[in-house]
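Chemist: Sequence unavailable; structure follows:
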DNA sequence: ATTGCTCAATAGAAGACCTCTATTAAAAAT
DNA sequence: ATTTTTAATAGAGGTCTTCTATTGAGCAAT
């Protein structure tokens, strides 16, 4: 039964019978039969399909919701039992938005001190994707903005507040200032994240409210790319203060506080609201609570 | 997998392989094999057994906890899908303490108006048993005291506050009074519930604090038995006000408020903390919230 | 100690169920 | 109209499950 629910989850991820089957390491007829059996035992159609996958019926969506929970719980059970016997081992899959990537090590480094057998997979993605991955059991934890509405059932642990700096070289326009306003920043050509990133949308909003409007000279979904440009001293960017300092500044590169308003958004750890949590996640939450006071300003 | 978890739950209930097997409608070797397979796939011993069942290992207890949740969720899923197709049908199993039995109809009657295809099983038991039955998926909802610590993960809906009356005939000692004190009641021979019932323990405590000590002439776990005695006018009892009035008083029988102190305890609906709830239970919670204001005093 | 009883594990056979390969059928894309 | 993509179906093989029957271990009473 649980394996059939896994089939359903894979189908929801892949939206394609054959690919879902491959993800489950079975053949396509096997997965088809599994879905069909679910439909038979529950007595309702779960998937609308012509000769190809279309979508889930309303009942299918509800079953999908239960399937996520039941499969998640059954994995958590296995993991907990394994941890009781072998200590904390396995892989922790973290999904994080790009602006937080440089601070993830403040979680993973002490975690690894305590639990050396745990491996990590960190995936950079948009804030929507973070929640989507959590929902679909494709990530164990996320690091993202806490201010907006959480999509699924999640537990949040605040980590720090993100504040904004103009990164620019000392000899560029505004480069000699102690602080600048968003209105002033709006007039400078910037390197920014792509608009699918929440950080970009936040900056757009702040610039817009200051009467400007962002016309980035360069967009990317990679912080490394943005930073390597800014580092030359020939480009400018708006970055979270913590990110700028952890990437390191150079002689010419300055991180100038942006005021009017002195905006800030809360960044935190987000994990599935499962009680009890899996041991791997519980340890991460513990670490986050330990680290958060050290990150506060 | 889920069926093996059901085996484990049955074993926890019955503490006996053969009886657990019968409860699952399989033979004893099948159940034994199922438990063994669970142990193999999880890689730990779950059950301590010599030639007979002893108890669960610590790992077994944890797995049992997960099993309750997973099995509960999978039943809830089935029920929800069934309800989507056929409306609310099935059987709602309610566990209630004896003093609340006469008010259960205030929940079930309007429930049945709305959902005529739902059948009910109401079981009278002690408050500990209510929580135990809920925990083990043997009851869907409970009606009991809310004041004491809830054992498992439950959601509570307050219904009314239980206040106490001396039920006695008008011509018996104290029978002509408008109110009596617990100290006075302590001197009257009473018919009370057996000491495994929380209501009895509450009354014992109130009597004790008033300097008396309960020496009931007659004990029973059945309210009907107590009431039928009191109704003759030859016996007295302490009963919750709401119970006394819903059973009905006679010419000679009076329900006299007991003061010093005017004690009261909250009675409420208790259901498993599952999100979302099964449709049957969700409807009962809705009914309870609807009814509670009408019961308030 | 011996006997008898209860209970869970084991053996082995029958059958249910699952998964595979190969193929078909239907819809979409070209 | 033809080709391609995609899911369902058919049928064989194998695995897993469940059953009956039996064994063996522990416990109690003699």
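Modeler: Arrived safely, thanks for sending. Not measured: the values here are computed from a predicted model.

Chemist: Can you name the next helix or strand after the longest strand along chain A?
Modeler: For chain A, the longest strand by residue count, based on DSSP state E, is strand A:154-169. Going down the chain from strand A:154-169, the next helix or strand is strand A:180-181, by DSSP states H and E.

Chemist: which secondary structure elements does that following strand contact?
Modeler: Under the contact criterion of 3 or more CB pairs under 8 Å, 6 or more residues apart in numbering or on different chains; DSSP states H and E, strand A:180-181 touches strand A:253-259. Using the backbone N, CA and C atoms, a C-beta is placed for each residue, glycine as well.

Chemist: Now do the strands in the stretch 151-297 of chain A.
Modeler: Ranges of strands within the stretch 151-297 of chain A are A:154-169, A:180-181, A:191-193, A:218-220, A:237-240, A:253-259, A:264-272, based on DSSP state E, counting those that start in this stretch.

Chemist: Which one of those strands lies nearest to residue A:4?
Modeler: strand A:264-272 (21.4 Å; CB to CB).

Chemist: Next, report how far that closest one is displaced from the centre of its chain.
Modeler: 9 Å (CA atoms, centre = their mean, to the nearest Å).

Chemist: got the buried residues for it?
Modeler: By 16 or more other CB atoms under 10 Å in any protein chain shown, the buried positions in strand A:264-272 come out as A:265, A:267-272.

Chemist: do it and chain B meet?
Modeler: No. Strand A:264-272 stays clear of chain B (CB under 8 Å from any CB of the partner chain), getting no nearer than 12.5 Å.

Chemist: That strand - contacts with which helices or strands?
Modeler: Using 3+ CB pairs under 8 Å, 6+ apart, strand A:264-272 sits against helix A:127-135, strand A:141-145, strand A:154-169, helix A:279-295.

Chemist: Let me know the closest of the buried residues of strand A:264-272 to DNA strand D.
Modeler: Using CB to the nearest atom of the strand, residue A:272 comes nearest to DNA strand D of these, at 27.9 Å.

Chemist: Could you confirm whether any residue of the longest helix seen in chain A contacts DNA strand D?
Modeler: For chain A, the longest helix by residue count, based on DSSP state H, is helix A:58-86. No. Using CB under 7 Å from any atom of the strand, we find that helix A:58-86 stays clear of DNA strand D, coming within 12.3 Å at best.

Chemist: Pick out the residue in the stretch 51-200 of chain A sitting closest to DNA strand C.
Modeler: The nearest approach of the stretch 51-200 of chain A to DNA strand C comes at residue A:51, 3.6 Å away (CB to the nearest atom of the strand).

Chemist: Wasn't that residue part of a helix?
Modeler: No. Read with DSSP: H, G, I helix; E, B strand; the rest coil, residue A:51 is coil and lies in no helix.

Chemist: Would you tell me which residues of the stretch 101-250 of chain A are close to DNA strand C?
Modeler: Within the stretch 101-250 of chain A, no position is adjacent to DNA strand C by CB under 7 Å from any atom of the strand.

Chemist: before we move on, the earlier item: near DNA strand D, list only the ones from the buried residues of strand A:264-272.
Modeler: Among the buried residues of strand A:264-272, proximity to DNA strand D is found for none (CB under 7 Å from any atom of the strand).

Chemist: so where's the stretch 51-200 of chain A shaky on pLDDT?
Modeler: For the stretch 51-200 of chain A, the stretches with pLDDT under 70 are A:149-151.

Chemist: Tell me the residues of it that contact chain B?
Modeler: So the stretch 51-200 of chain A meets chain B at A:58-59, A:62-63, A:66-67, A:69-70, A:73-74, A:76-78, A:80-82, A:84-85, A:153 (CB under 8 Å from any CB).

Chemist: Can you pull the residues of the stretch 51-200 of chain A lying near DNA strand D?
Modeler: Residues of the stretch 51-200 of chain A lying near DNA strand D (CB under 7 Å from any atom of the strand): A:51-53.

Chemist: Which ChimeraX command selects the buried ones in those?
Modeler: The ChimeraX command for the buried members of those (criterion: 16+ other CB under 10 Å) is given here:
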select /A:53
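
Chemist: Can you tell me which of the residues of the stretch 51-200 of chain A next to DNA strand D lies closest to residue B:18?
Modeler: Residue B:18 lies nearest to residue A:53 out of these, by CB to CB, at 46.8 Å.

Chemist: Fine, thanks again, bye for now.
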